[in-house]
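Undergrad: Give the three-dimensional model of this entry:
(chains A and B)
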There are 2 protein chains.
Amino acid sequence: MRSHHCNELRSSHIGETVTLIGWVNTVRDQGGVIFVDLRDREGVTQVVFRSEENAEATKVSHKLRDEDVIQVVGRVAKRLEGTANEKLGTGEIEIVATELNIVNKADVLPFQLDKELSNEDLRMKYRYLDLRRPRMNRNIRLRHTITSAARRYLDDAGFIEVETPILSNPTPEGARDFLVPARLNPGRFYALPQAPQQFKQLLMVAGLEKYFQIARCFRDEDLRADRQPEFTQIDIEASFVTQEDIIKLVEGLLGSMFKAGLGIEVPQPFPRMTYREAMDRFGSDKPDTRYGNEIIDLADVFGATEFKIFRGTFDNGGVVRAINAKGFAGVTTGQMNRLNEIAIQAGLPVKTLAFVKAEGGEFKSPLWKFFTDAEKEALIAKLNIEEGDIVFFVAGSRDSVSTILGRVRLEIAEMMELTKGSTAYNFLWVVDFPLLALDTETGKWAAVHHPFTRPNTDDVPLMEGGRYEEVRAVAYDVVLNGYELGGGSIRIHEKDLQAKMFEVLGISPEEQQEKFSHILDAFRFGAPPHGGLALGLDRIAMLAAGEDSIREVIAFPKNNKGADLMSHSPCQVDFKTLREIYIQSTYKEKKD
Amino acid sequence: MRSHHCNELRSSHIGETVTLIGWVNTVRDQGGVIFVDLRDREGVTQVVFRSEENAEATKVSHKLRDEDVIQVVGRVAKRLEGTANEKLGTGEIEIVATELNIVNKADVLPFQLDKELSNEDLRMKYRYLDLRRPRMNRNIRLRHTITSAARRYLDDAGFIEVETPILSNPTPEGARDFLVPARLNPGRFYALPQAPQQFKQLLMVAGLEKYFQIARCFRDEDLRADRQPEFTQIDIEASFVTQEDIIKLVEGLLGSMFKAGLGIEVPQPFPRMTYREAMDRFGSDKPDTRYGNEIIDLADVFGATEFKIFRGTFDNGGVVRAINAKGFAGVTTGQMNRLNEIAIQAGLPVKTLAFVKAEGGEFKSPLWKFFTDAEKEALIAKLNIEEGDIVFFVAGSRDSVSTILGRVRLEIAEMMELTKGSTAYNFLWVVDFPLLALDTETGKWAAVHHPFTRPNTDDVPLMEGGRYEEVRAVAYDVVLNGYELGGGSIRIHEKDLQAKMFEVLGISPEEQQEKFSHILDAFRFGAPPHGGLALGLDRIAMLAAGEDSIREVIAFPKNNKGADLMSHSPCQVDFKTLREIYIQSTYKEKKD
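TA: The predicted structure follows:
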């Protein structure tokens, strides 16, 4: 139905007769001559209708409307001197139409495609129109390009894609599952998988050695922020591998994806940081290293201080730390209030953040007067405080200080627009995560990752000795510009170590059997050492596309109520249908 | 953890020190020397433990059991004269072990891996062991290889893979849907998609032009025969294309899959046959053309017959047809009974199939005496009846004769093992399907494919004229060796034609709105001409693997009750969890 796509024709085609098909992107009448920008998936070409070429077609062209589907036959011609469009690949030529075939008329659209639309509900209701915008078209194609690159990379590396069940089982100790009534097993339910975790480990027991899957996963959570009830992960598991093998594989994988999608070479190896260092320096296990403003420990500045608050903190085993927000002394009152609010949310036990501001040649601070001259001098040197800077202090336990200053650091970067226009892709590994964390509510130790995560061999004696909080896991996260792209671990494959782990977690043999029976069974029959990782594809696509919501890289996303406004999903189902699957709704609709 | 895989070492490696890791495939003691066949994903290598090399390792090796995971360091050595194994790539060498590291001991397995196991429940319960068998390993990898080839082919052809929602909407006029209670929308339900049909058409409206997806689909059906509640299809849709374009694309696609998976060149183009011809010649819309035994029309043999039954059939507008089962005159009574049974199931209105058997130089038949000599002669010539043949006749309406003889033909082929050992891959297109079929129960016309399927342009006047049964659809199926691999159609994109179609189907505007509102909405805004197809990936993988059940090419299939015996899915869920998603079970378990 076409001889060329709408991005193809150049001066070298002048004189040729071509056939194009696509959508009327714009149409304008210049003194009876009709100019149409014809759009297809690949681009735009200008088409001109003149009465002297074909009176009938030109007459019809007067009635063209945006988004009509038309087929045009015409001659490629050079545009008039001075009317070339340099922004367009096809900008030097136009098609002088000799035939016009209206393939399908379009009604007036509910919104214009060439304007950004802030009403997201309207965008979602007419998603098929929203997706026609060049930006969305680019995003969907970019997602395909990087996904395709990921598959080729893993395929070439000997990984085998295996489809694991969607009609699956509840995830022990996970988030809430979506459930599916099983009609053939009345009273029973499938659960949609939160991840193919157990299946991928079973595939290792099955001797597959290298597995991957671009897997759809599901979580029935309250959809705050940028979450979707279904999402996609690049799921990887391999046998006979170390953390080093997985890290190298994933660096190559992400490199190939960004190369394919954006044409950039990601430097490898990625920098690495221990969890402890990430928390100490950035107050986050997914630090954004595109800017500084790092957290600085002030033990050597205030170690001998007599300032009561700092003194008390040190005496209680706490820390005093600060960040110097370079050039942010002009912070407004509103911003200051916002920072205080965030710090309080993050656990600051007082109402305001302590600060020192270097402004107009002096240091403004409610604290300044409590410091000795030597402390002031050491502080200025340590934090490199210069005119225009503002320093924020927090005193307290190491963990809470990290959390608070980490949040403050992020917010300041946002306020100062430190990453605006940045084209940096700062990949980073965070390693040596803790294996266990004390659940302060229950007083029980819980697995930070999951109960099959392997402890660092050097730390197994600490486990025996009950020093659980010091035990490092062989677990790793990969981070990009402050976003966690994914993470994984090497797993426990030995019965004895697994038993020890369950003991620490306080999971009784009965509970083990109930929740993990088939995987524990499987592990009896020659489980190889194995480990893996999962990457969030939606988020990778989002970052590659330069978007700030995963909804912009999902063709048909749900809104924050889990609804698809276009297809009216979820929908009502009559009680007879429900009865056939042995359930009934307990929800009573409120009367209006 | 290894220097080589277990399929790699050859005579050229003799003298090298290598490290292998994998599973103990077999172990045998030959006078104190232990021989282990070590297996990994890629193959098997023989390892020898001798006391003179390492007394400790050899002592330990005595305790090795099948499926222990071990790591071995050793020297590659030539096997003793006369002990080479020609069947094995590594059969000329063995590893003389110098170190043995027991990575993980295995308990005694519930079944042996080197024997075929007929107890499918046991295979499914221990699927992770079942998958270790070479055959299953090969199947899972073959599935990956052909899937990967399909993706590369479509990617290279400019098709964009788009993930469409799994949490979706009920399929209008489809099979039964799996439903998912939507907690955030109390009283409402998602449905799992039976196919991404509407989404793919909407992507065409969105201007994507070329879409594909290897898509998980779901149908809550009673699982007779070889069905799975979830299955995978290669889903394709394109704009501005004709049936010819889709056919050419899919031939290339299937060619690339079989080339990648089996190394064979599939001849292209595939033969084509109209639906009418397929029914007339083979009594099936998915004929197996690997053997003859075609259905032959006998109008010119019996056109003037006075044999009452045939005469009556002709006078009522019916047909008399037969198949000659060459060389099947030795059919047993049991087989004959079975054929009669099948014919009756297929609609034969009498208790036995009429036949003529050429045996011992004479024609045995209850009918023979009713035929004239001219009829006998014409019949023998027409059907080429020779000694040892048996001919089955059916008289009746054209459709029912086709159905009955089609089923009989298949069963005879089965009984005669006509395709046993065949390596033929007979691809075939069946085209010109009817657009509409009369539902004899409701007396209403129904869409054979779906309501958006395009009628053949030549036949639109027949539609206007009410001759619905004669209208051909632009719909096509691709068939391999008697299995439907998939099918599709060019769609209706014009409002008027779609309205006409709904009118014929008796779907009121209200019902249209209720069932198809968003797609009808979308079609108002510049829908391009488009069409597509879907291929059953499980079935393609099954046929490529030479298996006769799709369960053999699915890593974790469900049994015919929709249950996964390994992971105990589906499972019971407590009523509190159900209450949180606003449902309760109506199933009352029977007391024992």
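Undergrad: Show me where chain A dips below the pLDDT cut-off.
TA: A:590-592 (pLDDT under 70).
Undergrad: out of all of them, which helix in it is the longest?
TA: In chain A, assigned by DSSP state H, the helix with the most residues is helix A:134-156.
Undergrad: Would you mind pulling the contact partners of that one?
TA: Residues from elsewhere that reach helix A:134-156 (C-beta atoms under 8 Å, 6 or more residues apart in numbering or on different chains): A:41, A:130-131, A:161, A:212, A:214, A:234, A:236, A:252-253, A:256-261, A:537, A:540-541, A:544-545, A:547, A:552-553, A:555, B:144, B:148, B:151-152, B:155, B:160-162, B:207-208. Any C-beta I mention is one placed from the backbone N, CA and C, and that applies to glycine too.
Undergrad: And the residues you listed, which of them are buried?
TA: Buried members of the contacts of helix A:134-156, scored by 16 or more other C-beta atoms under 10 Å in any protein chain shown, are A:41, A:130-131, A:161, A:212, A:214, A:234, A:236, A:252-253, A:256-258, A:260-261, A:537, A:540-541, A:544-545, A:547, A:552-553, A:555, B:144, B:148, B:151-152, B:155, B:160-162, B:207-208.
Undergrad: thinking again about what came up before, just checking, next helix/strand downstream of the longest helix of chain A?
TA: Proceeding N to C from helix A:134-156, the next assigned helix or strand is strand A:160-161, under DSSP states H and E.
Undergrad: who does that following strand touch, helix- and strand-wise?
TA: helix A:134-156, strand A:210-218, helix B:134-156 (3 or more C-beta pairs under 8 Å, 6 or more residues apart in numbering or on different chains; DSSP states H and E).
Undergrad: Quick one: name the residues of the stretch 451-592 of chain A near chain B.
TA: Residues of the stretch 451-592 of chain A lying close to chain B (C-beta under 8 Å from any C-beta of the partner chain) are A:493-494, A:517-518, A:521-522, A:524-529, A:554-556, A:558, A:561-564, A:566-573, A:577-587, A:589.
Undergrad: burial measure for A:K63, as a count.
TA: Residues lying near A:K63 (other C-beta atoms under 10 Å in any protein chain shown) number 11.
Undergrad: Check A:I554 too.
TA: Neighbours of A:I554 under the rule other C-beta under 10 Å: 25.
Undergrad: what about it, distance to A:R227?
TA: The gap separating A:I554 from A:R227 is 12 Å, by C-beta to C-beta, to the nearest Å.
Undergrad: that older thread, looking at the helices and strands packed on strand A:160-161, which one is packed in the most?
TA: For those, the largest average neighbour count (mean count of other C-beta atoms under 10 Å in any protein chain shown) is found in strand A:210-218, namely a mean of 23.
Undergrad: moving C-terminal of it, what's the next helix or strand?
TA: Per DSSP H and E, the first helix or strand lying C-terminal to strand A:210-218 is strand A:230-239.
Undergrad: That next one: partners in the sheet, and parallel or antiparallel?
TA: Sheet pairing of strand A:230-239 (DSSP bridges) gives strand A:210-218 (antiparallel), strand A:530-536 (antiparallel).
Undergrad: Using PDB, list the CA coordinates for the longest one.
TA: The C-alpha coordinates for strand A:210-218 follow below in PDB (Å, rounded to 0.1, in the frame of the first residue of the first chain):
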ATOM      1  CA  LYS A 210      21.600 -20.600  33.000                       C
ATOM      2  CA  TYR A 211      18.000 -19.300  33.000                       C
ATOM      3  CA  PHE A 212      16.400 -16.100  32.200                       C
ATOM      4  CA  GLN A 213      12.900 -14.800  31.600                       C
ATOM      5  CA  ILE A 214      11.400 -11.400  30.800                       C
ATOM      6  CA  ALA A 215       8.700 -12.100  33.300                       C
ATOM      7  CA  ARG A 216       5.400 -10.500  34.100                       C
ATOM      8  CA  CYS A 217       5.000 -10.100  37.900                       C
ATOM      9  CA  PHE A 218       2.100  -9.000  40.000                       C
END
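Undergrad: can you give me the angle it makes with helix A:134-156?
TA: 150 degrees (axes from the mean of the first three to the mean of the last three C-alpha atoms, to 10 degrees).
Undergrad: Repeat that for the last one.
TA: Using the same axes, to 10 degrees, the direction of strand A:530-536 lies 170 degrees away from that of helix A:134-156.
Undergrad: And for strand A:530-536, what's in contact with it?
TA: For strand A:530-536, the external contacting residues (C-beta under 8 Å, 6+ apart) are A:195, A:200-201, A:204, A:211, A:231-243, A:246, A:250, A:253-254, A:454, A:474, A:476, A:478, A:484-491, A:493.
Undergrad: I'd like the next helix or strand past that strand.
TA: Later in the chain than strand A:530-536, the nearest helix or strand by DSSP H and E is helix A:537-545.
Undergrad: send the alpha carbons of that following helix over as CSV?
TA: Backbone C-alpha positions of helix A:537-545 (Å, rounded to 0.1, in the frame of the first residue of the first chain) are rendered in CSV as follows:
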residue,chain,number,x,y,z
LEU,A,537,12.5,-3.5,33.1
ASP,A,538,9.9,-0.8,33.4
ARG,A,539,12.2,1.4,35.4
ILE,A,540,15.2,0.8,33.1
ALA,A,541,13.0,1.8,30.2
MET,A,542,11.8,4.8,32.0
LEU,A,543,15.4,6.0,32.8
ALA,A,544,16.6,5.3,29.3
ALA,A,545,13.6,7.2,27.9
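Undergrad: which helices and strands does it pack with?
TA: Counting contacts by 3+ C-beta pairs under 8 Å, 6+ apart, helix A:537-545 packs against helix A:134-156, strand A:230-239, helix A:243-262, strand A:483-490.
Undergrad: I'd like these as CSV, with distance to A:E375 appended.
TA: Converted to CSV, those look like this (distance: least, C-beta to C-beta, whole Å):
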stretch, distance to A:E375
helix A:134-156, 51
strand A:230-239, 50
helix A:243-262, 42
strand A:483-490, 38
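Undergrad: of these, which approaches B:H62 most closely?
TA: strand A:230-239 (26.0 Å; C-beta to C-beta).
Undergrad: Tell me what angle the closest one forms with helix A:243-262.
TA: Interaxial angle, strand A:230-239 versus helix A:243-262 (the same axes, to 10 degrees): 140 degrees.
Undergrad: The residue in the stretch 401-550 of chain A that chain B sits nearest to: how many residues sit nearby?
TA: Among all residues of the stretch 401-550 of chain A, A:G526 sits closest to chain B, at 3.6 Å; criterion: C-beta to the nearest C-beta. With neighbours defined by other C-beta under 10 Å, the count for A:G526 comes to 27.
Undergrad: check contacts around it.
TA: So A:G526 contacts A:V205, B:W23, B:V24, B:E67, B:D68, B:V69, B:N104, B:K105, B:A106 (C-beta under 8 Å, 6+ apart).
Undergrad: Going by distance to B:M124, which of those residues wins?
TA: A:V205 (14.9 Å).
Undergrad: Hmm, A:F523 and the closest one touching each other?
TA: Yes: judged on C-beta atoms under 8 Å, A:V205 makes contact with A:F523 at a distance of 6.9 Å.
Undergrad: how far away is A:G526 from B:A106?
TA: A:G526 is 4 Å from B:A106, by C-beta to C-beta.
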